[in-house]
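Participant: this one's structure only:
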């Protein structure tokens, strides 16, 4: 007859009297009287040869039943039970040792104390946690314990030990040794055993690579409810590896695994729903699944979200959100994401513009081989944008990109080698890089190489090659090459002048915004050189060059405004042009601006400032004259 109707305390005392403390502890535990159970198992432990009492005490400490959670205490009692051959104790002890553990209760105890670092707190903690409050990881010992439990026939131990053999945790990797362990686990009906075998056959680790056999094992694991096996089998069915392609079933398995929280399945499901392949397109659900995977650290999901928010996919793009996910992916080490994050920071297209952040992200990408990031980093060092100017670093990173066959970097590196900026001059190496970049049709490199041919000595000068390179570069739209062709045909390089061709190429360069060409055309039209004299057209070209900040054009336009040549007389604008030219260091501009101030023409009279500018012009003119004096 059952005694369940009796009060718990009576049943516990009766069991203790008749069958001993171990049985009484089981009754107390079943009635949630954990403190009594702990006392009784402690009493039973010395006479319990099986280690069950010690094991149950360890469970109480691990679960926090009747006591604070105390993993160190649990390890102690599991160890006592394991020493008596208790198989479950060996397995649970191994689990704790594999990862190590720290007691949150102990941390909370210290946090709520007013004096967490005091001796009193340390004393109280020692009383509450006499064996400490942390368990150090010890994979080697865990591996040995699981081996003992496996030898005793515990299928769970076989499964766990196989994982250690596969990962190399606690010892060397041993794919061949993992196979019989997984077979034991699978034969005992453990889905993880089937999944592990599937992975070995799919990847060809310790066995021949056999996707079909892998699919069979994954199927059995799926039948046993193994979530990761659903993702693995779905991958096989989606790609047709070892099974015929069945994307509808693959999508179903991915979705089931995703609903169970499997990270890879969340990503794959999100991508399927985004594309509409294997399942109806559903952007809202796709976004939700990708965010779930990304928030748990799935790198590809982060990148997919960055791209999705950037595109918009029929909705307004959300560049702020795009930037957020690219930054997170960059911080996880993705090279392309680091480059994109750098581009966002450089352009300010999303949340904010930060050149120092752009430098940081470009460096991340450049250091692991991203070519354009290396080029951009070099450009920042060369210009001093977002970082202190450093020509040596600029040269270093241009070289990194140049060596990866990036023509623009080859041209920039050559420019530094020719000028000696950031290191020694090396015209020979510069020509090497220019020839490589020019062979890839880089217009800047062609123009620079042409200059090398034009300015070379008898051995290297080649006007014909230079002309061809400049025409190729200019025809491709590189305006700098067009102005160089204008100079060439104007006779600047000791070749016969071809004035009409010079005007044609100067015009092409000027229309493309080259201020020097605009100024040259202004001079030609003002003085009737090669072209018909046309003061109004000259003023127009000077005006365009002046807007670009060219001091010579600002000065000449000022003269035309003050004399009414080609434009309406306008001394106010004339004075302004003189001021701009003066402040840019143009000597005649300084003088004329001083005169305007002195006389109060076009500007309020200011004798003191006017004399200052006139004296400055005189000093600059004298300095310029001194540099041309021959002293020997």
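Facilitator: In hand now; what should we look at? Model, not experiment: these values are computed from the prediction.
Participant: hey, where'd the helices end up in the stretch 201-350 of the chain?
Facilitator: Taking DSSP state H, counting those that start in this stretch as the test, the helices found in the stretch 201-350 of the chain are 211-223, 227-239, 247-259, 263-275, 283-295, 299-311, 319-331, 335-347.
Participant: for the stretch 501-632 of the chain, same thing?
Facilitator: Under DSSP H, counting those that start in this stretch, the stretch 501-632 of the chain gives helices at 515-527, 535-547, 551-563, 571-583, 587-599, 607-626.
Participant: And the stretch 51-200 of the chain, by the same measure?
Facilitator: Counting by DSSP H, counting those that start in this stretch, the helices of the stretch 51-200 of the chain are 52-63, 71-83, 87-99, 104-112, 119-128, 139-151, 155-167, 175-187, 191-203.
Participant: and the ones you listed, which one's lowest on average pLDDT?
Facilitator: In terms of average pLDDT, helix 104-112 trails the rest of the helices of the stretch 51-200 of the chain, at a mean of 57.
Participant: Adding mean neighbour count and distance to residue 541, write the helices of the stretch 51-200 of the chain out as CSV.
Facilitator: Bear in mind the C-beta positions are built from the backbone N, C-alpha and C, glycine included. As requested, those are exported to CSV (neighbours: other Cβ atoms under 10 Å; distance: least, Cβ to Cβ, whole Å):
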stretch, mean neighbour count, distance to residue 541
helix 52-63, 23, 87
helix 71-83, 23, 83
helix 87-99, 22, 76
helix 104-112, 13, 76
helix 119-128, 12, 83
helix 139-151, 20, 78
helix 155-167, 23, 74
helix 175-187, 19, 77
helix 191-203, 24, 70
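Participant: Now tabulate those in CSV and tack on distance to residue 367.
Facilitator: Shown next, in CSV, are those (distance: least, Cβ to Cβ, whole Å):
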stretch, distance to residue 367
helix 52-63, 45
helix 71-83, 40
helix 87-99, 32
helix 104-112, 37
helix 119-128, 45
helix 139-151, 32
helix 155-167, 29
helix 175-187, 34
helix 191-203, 31
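Participant: so which of these gets nearest residue 617?
Facilitator: The closest of the helices of the stretch 51-200 of the chain to residue 617 is helix 104-112. By Cβ to Cβ, the value is 74.4 Å.
Participant: List the buried residues in the helix or strand encompassing residue 12.
Facilitator: Using DSSP states H and E, residue 12 sits in helix 8-19. For helix 8-19, the neighbour count (16 or more other Cβ atoms under 10 Å) marks 11, 12, 15, 16 as buried.
Participant: Let me know the closest of those residues to residue 553.
Facilitator: residue 12 (104.5 Å).
Participant: Would you check that that closest one makes contact with residue 33?
Facilitator: Yes - taking Cβ atoms under 8 Å as the definition, residue 12 is a contact partner of residue 33 at 7.3 Å.
Participant: Please identify which helix or strand holds residue 434.
Facilitator: Using DSSP H and E, residue 434 falls in helix 427-439.
Participant: How about residues contacting that helix?
Facilitator: 402, 405, 407-408, 410-411, 413-415, 417-418, 444-446, 448-449, 452, 469 (Cβ atoms under 8 Å, 6 or more residues apart in numbering).
Participant: model confidence over it, on average?
Facilitator: For helix 427-439, the mean pLDDT works out to 96.
Participant: buried stuff in that helix?
Facilitator: So helix 427-439, judged by 16+ other Cβ under 10 Å, has buried residues 430, 431, 432, 433, 434, 436, 437, 438.
Participant: right, and the helix or strand after that helix?
Facilitator: helix 443-455.
Participant: That following helix: how far from the chain's middle?
Facilitator: Taking Cα atoms, centre = their mean, to the nearest Å, one finds helix 443-455 lying 37 Å from the centre of the chain it belongs to.
Participant: for it, packing partners?
Facilitator: Applying 3 or more Cβ pairs under 8 Å, 6 or more residues apart in numbering; DSSP states H and E, one finds that helix 443-455 contacts helix 407-419, helix 427-439, helix 463-475, helix 479-489.
Participant: about what we covered before: ok and the helix holding residue 434 relative to helix 407-419, angle-wise?
Facilitator: 160 degrees (axes from the mean of the first three to the mean of the last three Cα atoms, to 10 degrees).
Participant: returning to that earlier point: orientation of the helix or strand just after the helix holding residue 12 relative to helix 8-19 in degrees?
Facilitator: Downstream of helix 8-19, the next assigned helix or strand under DSSP H and E is helix 21-30. Put simply, helix 21-30 runs at 160 degrees to helix 8-19, going by the same axes, to 10 degrees.
Participant: Nothing else from me, thank you.
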